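A.B. asks: Sequence and predicted structure are below.
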Amino acid sequence: MAVASSSFVSFTHNSVSQPRRLSQSLPPISLPLSRSRPLALKLSRRSNKVICSSAGEHNSTEKDTPIELRYPAFPTVMDINQIRDILPHRFPFLLVDRVVEYNPGVSAVAIKNVTINDNFFPGHFPERPIMPGVLMVEAMAQVGGLIMLQPEVGGSRDNFFFAGIDKVRFRKPVIAGDTLVMRMTLVKLQKRFGIAKMEGKAYVGGDVVCEGEFLMATGSD
């Protein structure tokens, strides 16, 4: 009696011979796949099933969507009118256009739309418009002011000052057409002395362009 498989054992006169493997191994099983549309395997957490989908489907869908519809606008937590009600700054020194995230007494994220119409570009520089680093720092300080001048912190609009900066670094230039996204976080607050320490970072397209530590002061001048 003989059993056919990848290996077999033959029985002869109650004696067992050593197993002998087939000289030719079975060919590997392969699925025909299109080179232009490879399959992507996804594991469903609920059913533990493997789902096959074409990796090109997502890319084709994204390409079919017009570019003006692919990217949603920044949310509005505070618009320019609400910002003007809080900050005392006015043109040409109000450098915050919109607040997109606000955690009372903790942090704020705001944007500044940098345009060629900004009044500093004709002199900085005429042939290569670059936003001055000191104005990036000022814009970030104003975002910090939006945190400080809230009831949770107890700041006064009439007595609010930018007291100092430390460890400031400029990583990349900011040019006309960029959207400056600034996050300011309150690190330490001493209400008794009216002093607050903050950490700030500014981004363009997800890249850090400026960062540093800020000191804010409230109280009598």
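C.D. replies: Ah, there it is.

A.B. asks: Pull the contacting residues for the residue lying closest to V181 once chain neighbours are set aside.
C.D. replies: Among residues not flanking V181 along the chain, Y203 sits closest, at 4.6 Å (Cβ to Cβ, 6 or more residues apart in numbering). Placement of C-beta: from N, CA and C, glycine included. By Cβ atoms under 8 Å, 6 or more residues apart in numbering, the contact list for Y203 reads 180-183, 209.

A.B. asks: out of those, who's nearest G164?
C.D. replies: Nearest to G164 out of the contacts of Y203 is M182 (Cβ to Cβ; 17.9 Å).

A.B. asks: How about the contacts made by that closest one?
C.D. replies: Neighbouring residues of M182 by Cβ under 8 Å, 6+ apart: 96, 109-112, 139-140, 143, 200-203.

A.B. asks: Which of those fall in strands?
C.D. replies: Among those, the ones falling in strands (DSSP state E) are 109-112, 200-203.

A.B. asks: CSV please, covering those residues and showing pLDDT and distance to P151.
C.D. replies: As requested, those are arranged in CSV below (pLDDT from 0 to 100; distance: Cβ to Cβ, whole Å):
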residue, pLDDT, distance to P151
V109, 98, 20
A110, 98, 19
I111, 98, 24
K112, 98, 25
G200, 98, 22
K201, 98, 26
A202, 98, 26
Y203, 98, 28
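
A.B. asks: What subset of the residues you listed is buried?
C.D. replies: Burial by neighbour count, 16 or more other Cβ atoms under 10 Å: within the ones in strands among the contacts of M182 this picks out 109-112, 200-203.

A.B. asks: Quick check: bridge partners of K197?
C.D. replies: Under DSSP bridges, the beta-bridge partners of K197 are K188, L215.

A.B. asks: Give me the helices and strands touching the helix ranked longest in the chain, please.
C.D. replies: When the chain is parsed with DSSP state H, its longest helix is helix 133-148. Applying 3 or more Cβ pairs under 8 Å, 6 or more residues apart in numbering; DSSP states H and E, one finds that helix 133-148 contacts helix 80-86, strand 98-103, strand 107-113, strand 160-170, strand 179-190, strand 195-204, strand 207-218.

A.B. asks: Could you export the ones you listed to JSON lines, including columns for distance to N119?
C.D. replies: JSON lines is the format used below for the helices and strands packed on helix 133-148 (distance: least, Cβ to Cβ, whole Å):
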{"stretch": "helix 80-86", "distance to N119": "17"}
{"stretch": "strand 98-103", "distance to N119": "20"}
{"stretch": "strand 107-113", "distance to N119": "14"}
{"stretch": "strand 160-170", "distance to N119": "20"}
{"stretch": "strand 179-190", "distance to N119": "16"}
{"stretch": "strand 195-204", "distance to N119": "20"}
{"stretch": "strand 207-218", "distance to N119": "20"}
